[in-house]
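Peer 1: Sharing a model that was predicted from the sequence below.
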Number of protein chains: 2
Amino acid sequence: MSITNVVRRKRVARENYHHGDLEAALIDAALDLVRQTGPDHLSLRAVAQQVGVSPSAVYHYFPDKDSLISRVGDKLFIDLANMQREALAQIPGISARAAKLRYRELGRTYFRWANKEPNLFRLMFGGFCKIEREGDHQGNDAFLMLTKCLDDLLDTGVISKSMRKYGELLSWTAVQGASTLIVEGHLPEAAFEDLLDGLDLAMRAGNMRAGSK
Amino acid sequence: MSITNVVRRKRVARENYHHGDLEAALIDAALDLVRQTGPDHLSLRAVAQQVGVSPSAVYHYFPDKDSLISRVGDKLFIDLANMQREALAQIPGISARAAKLRYRELGRTYFRWANKEPNLFRLMFGGFCKIEREGDHQGNDAFLMLTKCLDDLLDTGVISKSMRKYGELLSWTAVQGASTLIVEGHLPEAAFEDLLDGLDLAMRAGNMRAGSK
DNA sequence: GTCGGTATCTGAATAGTGTTCAGATTATGG
DNA sequence: CCATAATCTGAACACTATTCAGATACCGAC
């Protein structure tokens, strides 16, 4: 899709005094520095310097440093959702096999994102960004994609109705937890594929009228 | 040897100049401040002041602030394991029912810990403490307790051998992920009991010779 | 008991931080 | 074209982590 463009002004961004789109530039610079230094250890002044602007200029766009970090988080959630969307687009088809592959790839993308940039992952889930609507994932693209994947698994008979009920919850929490535990060194990297295997098995629970209540 | 300055050596803490056990006092004070302010926003000077000591005194026990925070993390992991041990001790018995209750309570304790003190939970899993032996959970008490719980579930016929294989991985990651997502506001608090229900169902997968390969 | 050595802690200093605010600079609407 | 608003600067303030020379209290040995 298109990038967040410079729509504010109708002319081209100046290079001299006025920056053009300082807000976005600050977010990008902050993202870059967080990737290197971690969400703690981020310096507001370093962000300003990277953009080539005075530290006080930041306060025209963000009330404080934490707000800037929070905005970085917003951007990261969008980026992750886009990456997941792209991953899903690579696996078309309505077969059970395709649905299973999509489901796996959705989790893998989540984990790869976390594992490639631990500091950005920590920023997203380390209490640095304030979630606006608590526990409300309507309109959350990533959640909707997961829902779609699970619906496909149900429609193709891969998972049972009883398991479908817990699909989002179980998948999201397990993938999220595995990402955290691997990134923080509590589990080896190879554990993630094992987890996906375990999730596949788990999701088949309740199938075949598995009697035992 | 005179009586006056003898016996006081290793036992009692001094109150005057020498603190007695400054190292532990600093860790405790840091823990207390992190609970209030979060792992970022922790001030070394505030820690020193709370103990009633000069900021530079800290550097006799820790090379820098991050090391102090890391030591707080070590303590928290021990505390969590102890809390889980106590929770398990309340539910004795070798029946399937007891084993199921223990398994559930183990996850609940993990989550309660996270949910009651979000800032401490963030300290543990937010990249603030350096894990010594990466991905090696031999000797990790919490992990051993989980293993024991799962063995009991297998022995009492609650879970299948095929599912047992993924028991630790699936349980730990799901509970960890749910704790994070709830603490950070992405899921409502009530979702955790739902997750435990889903986990119960998932764990029964592979039981009853559930044919479908 | 006194003395020397050592571990422990202080005080001051340095460099860097987030944040505020009066004012300089530039762009824009009337 | 000018007044007004938007944008950014520079200096200042209080605070931070960290270093280091030196003061203080303890310890074991004499």
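Peer 2: Happy to help now that I have it. Residues are numbered from 1 along each chain as shown, chains lettered A, B, ... in the order given.
Peer 1: Please give the element, helix or strand, for the spatially most central residue of chain A.
Peer 2: Nearest residue to the geometric centre of chain A (Cα atoms, centre = their mean): A:Leu80, 3.6 Å. Per DSSP states H and E: A:Leu80 is located in helix A:65-89.
Peer 1: cool, A:Glu193 as well?
Peer 2: Counting by DSSP H and E, A:Glu193 is found in helix A:191-203.
Peer 1: what's the neighbour count on A:Gly157?
Peer 2: The tally of other residues near A:Gly157 (other Cβ atoms under 10 Å in any protein chain shown) stands at 11. From N, CA and C alone the C-beta is placed, and that goes for glycine too.
Peer 1: Helix, strand, or coil at it?
Peer 2: Recorded secondary structure, A:Gly157: coil (DSSP: H, G, I helix; E, B strand; the rest coil).
Peer 1: sorry, back to before: test my guess that the residue nearest to the centre of chain A contacts A:Ala142.
Peer 2: Yes. Using Cβ atoms under 8 Å, A:Leu80 is in contact with A:Ala142, at 6.5 Å.
Peer 1: about what we covered before: which strands or helices does the helix holding A:Leu80 pack on?
Peer 2: Contact partners of helix A:65-89 among helices and strands, from 3 or more Cβ pairs under 8 Å, 6 or more residues apart in numbering or on different chains; DSSP states H and E: helix A:22-37, helix A:44-51, helix A:96-116, helix A:118-125, helix A:141-155.
Peer 1: Between those helices, which one is closest to DNA strand C.
Peer 2: helix A:44-51 (3.2 Å; Cβ to the nearest atom of the strand).
Peer 1: now the closest one against helix A:65-89, angle please.
Peer 2: With axes from the mean of the first three to the mean of the last three Cα atoms, to 10 degrees applied, the angle from helix A:44-51 to helix A:65-89 works out at 60 degrees.
Peer 1: Pull out the buried positions in helix A:44-51.
Peer 2: A:Leu44, A:Ala46, A:Val47, A:Ala48, A:Gln50, A:Val51 (16 or more other Cβ atoms under 10 Å in any protein chain shown).
Peer 1: and DNA strand D, which of those contact it?
Peer 2: Counting by Cβ under 7 Å from any atom of the strand, A:Ala48 from those sit close to DNA strand D.
Peer 1: Can you pull the domain assignment for chain A?
Peer 2: Listed domain ranges for chain A are A:1-62, A:66-203 (source: automatic domain parsing).
Peer 1: Go through these and find the least confident stretch.
Peer 2: Lowest mean pLDDT of the domains of chain A: domain A:1-62, a mean of 79.
Peer 1: I'd like the distance from it to the chain centre, please.
Peer 2: Relative to the chain's own centre, domain A:1-62 is displaced by 22 Å; criterion: Cα atoms, centre = their mean, to the nearest Å.
Peer 1: can you count the residues close to the closest residue to A:Thr156 other than its chain neighbours?
Peer 2: Sequence neighbours aside, A:Ala96 is the residue nearest to A:Thr156 in space, at 3.7 Å (criterion: Cβ to Cβ, 6 or more residues apart in numbering or on different chains). Other residues within reach of A:Ala96, judged by other Cβ under 10 Å, total 14.
Peer 1: before we move on, the earlier item: deepest-packed of the domains of chain A, please.
Peer 2: Across the domains of chain A, averaging neighbours per residue (mean count of other Cβ atoms under 10 Å in any protein chain shown) puts domain A:66-203 on top, at a mean of 19.
Peer 1: Could you check that one against DNA strand C for contacts?
Peer 2: Yes. Domain A:66-203 is in contact with DNA strand C by Cβ under 7 Å from any atom of the strand, via A:Asp66.
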